[in-house]
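[1] need a 3D model of the following:
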Amino acid sequence: MARTHFSGPVVTSDFASVTQITSAATAVVINAAAGVITTVMQNIAAAGEVQFTVTNSKCKATDVPNVAIRSGTVGGTTIASVTAVADGSFQITLSNEHASVAETGVLLLNFVILGGKA
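    Below is the predicted model of the structure:
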């Protein structure tokens, strides 16, 4: 099995951005290997979560999409994770781990899709 070692960040020129509209559960379309998603203002209850789909033609079911919160959290203790992957899309779940405070921020989410192998 071949291994790849990185001495620095993975860099791609295939980058885009998109802004979510309507609600925190509204899907977004962004056809790039990496980018930033600006969410609507969140209203994730304490200990609650919300999911939305990222439609992306670069994503294959065998890939490994990664997501991280760049900024924008207000109030809660919010975690972003990829919870489903399919050909042409992946799902992001935003979980508020705080026991009593809601998340009310507009989040900037960085993502990158790492190519997998079947």
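[2] give me the most central residue, this structure.
    Among the residues of the chain, the one closest to the centroid is Val67, at 4.1 Å (Cα atoms, centre = their mean).
[3] check the gap between that one and Ala99 for me.
    Computed as Cβ to Cβ, to the nearest Å, the Val67 to Ala99 distance reads 24 Å. To be clear about C-beta, it is placed using only N, CA and C from the backbone, and glycine gets the same treatment.
[4] repeat for Asn110
    27 Å.
[5] these two: which is more packed in?
    Taking other Cβ atoms under 10 Å, Asn110 and Ala99 do not tie; Asn110 has more neighbours (15 against 9).
[6] hey, what's the more buried one bridged with?
    Val36, Ala68 (DSSP bridges).
[7] these two touch, right, it and Val36?
    Yes - using Cβ atoms under 8 Å, Asn110 is in contact with Val36, at 5.6 Å.
[8] okay, and the common contacts of these two?
    Common neighbours of Asn110 and Val36, using Cβ atoms under 8 Å, 6 or more residues apart in numbering, are Arg70.
[9] just the pLDDT for Arg3.
    Arg3 is assigned 54 on the pLDDT scale.
[10] low-confidence regions, the chain specifically.
    The chain contains residues with pLDDT under 70 at 1-8, 118.
[11] how about the strands in it?
    15-19, 28-29, 34-41, 49-55, 64-71, 78-86, 89-96, 106-114 (DSSP state E).
[12] in its sheet, what does the second one sit against?
    Read that as strand 28-29. Counting by DSSP bridges, strand 28-29 is paired with strand 49-55 (parallel).
[13] now the angle from the partner strand to strand 89-96?
    Following axes from the mean of the first three to the mean of the last three Cα atoms, to 10 degrees, one obtains 160 degrees for the angle between strand 49-55 and strand 89-96.
[14] burial measure for Thr62, as a count.
    Under the criterion other Cβ under 10 Å, the count of neighbours that Thr62 has is 11.
[15] many thanks, have a good one.
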